[in-house]
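1. Build me a structure from this.
(one chain, ligands or ions: 1)
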Amino acid sequence: MIQRQKGCNDIFGRNAKVWKYIDHVVDALMEKYNYNYIRTPIFEATELFHRGVGETTDIVTKESYDFVDKGGRNITLRPEGTAGVVRAYIENKMYGDPNQPVKVYYNGTMYRYERPQSGRDRELTQFGMEILGSDDPLADAEIISAAVNLYKALGLKEIKVNINSLGDSESRDNYRKALVEYFRPKIKDLCEDCQERLEKNPLRILDCKFDAGNEIIVNAPKTLDYLNEASRDRFEAVQDLLDVMQIEYVIDPNIVRGLDYYNHTVFEIEAKVEGFGANNVLGGGGRYNGLVNQLDGPETPCVGFATGIGRLAMAIELEKVKLPIIEDVDLFLMYVNEDEKKYAAYLAQELRMNDFIVETEYTGRSLKAQFKQADRLNAKFICILNSEDLNNNEVHIKNNMTKEEEVISLDALIYYLDEKLRDFEELDDECECDNHEEGHKCCGGHGECGCGHHHEEE
Ligand code: HAM
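-> Numbers count the residues shown, from 1 in each chain. Next up is the predicted model:
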């Protein structure tokens, strides 16, 4: 049997519904913030990531999916979305658009050749948002607040926002020097990769996966002590705006991020819910004022954020968030003989075109087995089609919760279902107890569903 590749996932069943729901919430949120959807290619020239994400980052040195295509080009499967968006911004001269800043979002697969474990995949999906063309701290605060609002909109409560600043290039240079001085006498006690990073890019020692937690790294100088006045003022302005927006955050001087393009604000949002494991960072981002210029575009200050959809789905399940996911059908059409089957086909077509969720029988089951199937599908109503009723232009319809059965005129079926399903929706709104079996709705206070609530008496 051919199996899926390591670190890749098949998303199906309930999990797929959660993913689709997240996509839906993302799109609705981005509409409110007025971001435009952008779709860039999954593969790009290898050079883009070397120059964009950084030659010495793990993402480029160890985790890159590189290949040479049939035309001899060096190609890389994108490990993240920002570099591709910046390439598209430059190539399509979006900086010339009078409507500035450019605010875009994406939601797609990325590839990182990492050691697979819970929350760390080789094929991952990221939602990301970027503001290109604004240096205003308001843009930083908007990105952080949008990230928090996304998690809130998805019903997540147990999150923690950690922010830090790497400062401008002068501050970063001073910090770099301090790190080299600090690590040089101790570097022999760190891994070989870190020894190489010392001269090339000492900041990368701080996010070394191998030496994570090592005292030498924990006690290293902190970025905030090396910020010049302008960078400090800028960081304070971001914090003031977050306070105004009532976004709770913690300043964490250990956050440096694993990609090279950042300066000034950096942030990560953690899932605090129990059971997450080591990879509990739901999302992260920050300012990258130098990247557009570094990739041959004009000086353009930018800020952005990305979150892994897989980790989000995991947090939703661990926090047991109840999502408004449809896990039932409005009507199951039952039949036995060929004439009834044709009628089922006709009715299914008619009702689906009128927005009802309709299921029917496809495998020749007995009526008894069809009842079981209707239960498995959580059908709210069941129509038992039989030739005699059809000749009389009638249909037997059964409320699958109350088990009440009625005979109604076929002409009235749409109207009947509309009315009855509205009652169901009202009951749904009304009954918020946790006593219903997974996926089952309240019976309406008659007692059959066993939730113990009697709405009519309330
Ligand atoms: P990142 O921190 O590398 O940032 O990734 C953002 C998020 O993607 C992570 O917090 C995590 O949820 C998810 N993620 C990353 N790697 C994996 C993996 N192997 N398996 C599952 N999920 C993963 C960036 O990618 C930046 N481009 C963010 C950004 C946008 N900065 C500015 N604009």
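2. what's the spacing between residue 200 and residue 112?
-> Counting by C-beta to C-beta, to the nearest Å, the separation of residue 200 from residue 112 is 21 Å. The way it works is simple: take the backbone N, C-alpha and C, and place the C-beta from them, glycine included.
3. the more surrounded of the two?
-> Looking at residue 200 and residue 112 with other C-beta atoms under 10 Å, you find the greater number of neighbours at residue 112, namely 21 against 10.
4. Please name the residues that touch the residue nearest to the spatial centre of the chain.
-> Against the mean C-alpha coordinate of the chain, by C-alpha atoms, centre = their mean, the closest residue is residue 309 at 3.1 Å. Taking C-beta atoms under 8 Å, 6 or more residues apart in numbering as the contact definition, residue 309 lies against 19, 22-23, 107, 124-127.
5. so which two of those are the farthest from each other?
-> 23 and 124 (14.8 Å; C-beta to C-beta).
6. The two: which is more packed in?
-> Here residue 23 and residue 124 are set side by side on neighbour count (other C-beta under 10 Å), and the busier one is residue 124, at 23 against 14.
7. who does the helix or strand where the more buried one lies pair up with?
-> The secondary structure element spanning residue 124 is strand 123-132 (assigned by DSSP states H and E). Using DSSP bridges, the neighbouring strands of strand 123-132 in the sheet come out as strand 102-111 (antiparallel), strand 302-308 (antiparallel).
8. got the contacts of residue 309 as JSON lines, with pLDDT columns?
-> Formatted as JSON lines, the contacts of residue 309 follow (pLDDT from 0 to 100):
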{"residue": "19", "pLDDT": "98"}
{"residue": "22", "pLDDT": "98"}
{"residue": "23", "pLDDT": "98"}
{"residue": "107", "pLDDT": "98"}
{"residue": "124", "pLDDT": "98"}
{"residue": "125", "pLDDT": "98"}
{"residue": "126", "pLDDT": "98"}
{"residue": "127", "pLDDT": "98"}
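9. To residue 166, which of the strands paired with strand 123-132 lies closest?
-> strand 302-308 (12.6 Å).
10. Contacts for the closest one, please.
-> With contact meaning C-beta under 8 Å, 6+ apart, strand 302-308 is reached by 80-82, 85-86, 119, 124-134, 139-140, 143-144, 146-147, 150, 265, 267, 269, 282-289, 291-292.
11. just these that are near the ligand?
-> Checking the contacts of strand 302-308 against the ligand by C-beta under 6 Å from any ligand atom, the ones in range are 80-82, 119, 124, 126, 128, 130, 282-286, 288.
12. Inside strands: which ones of those?
-> Assigned to strands by DSSP state E, the following of those qualify: 124, 126, 128, 130, 282-286.
13. Among the ones next to the ligand among the contacts of strand 302-308, which pair sits farthest apart?
-> Taking C-beta to C-beta, the two most distant members of those are 119 and 288; they sit 24.5 Å apart.
14. neighbour-wise, which of these two wins?
-> Comparing residue 119 with residue 288 by other C-beta under 10 Å, the one with more neighbours is residue 288, at 28 against 19.
15. rewinding a little: distance of the residue nearest to the centre of the chain from the ligand?
-> Residue 309 sits 8 Å away from the ligand, taking C-beta to the nearest ligand atom, to the nearest Å as the criterion.
16. Show me which residues of this protein sit near the ligand.
-> Residues of the chain found near the ligand, taking C-beta under 6 Å from any ligand atom as the criterion, are 80-82, 112, 114, 119-121, 124, 126, 128, 130, 258-259, 281-286, 288, 304-308, 310-311.
17. redo that, cut-off 5 Å
-> Proximity of the chain to the ligand is confined to 80, 82, 112, 114, 120-121, 124, 126, 128, 281, 283-285, 304, 306, 308, 311 under the rule C-beta under 5 Å from any ligand atom.
18. Rounded mean pLDDT for the helix or strand immediately after the strand holding residue 124 in the chain, please.
-> Proceeding C-terminally, strand 123-132 gives way to helix 137-153 as the next helix or strand, assigned by DSSP H and E. In this model, helix 137-153 carries a mean pLDDT of 98.
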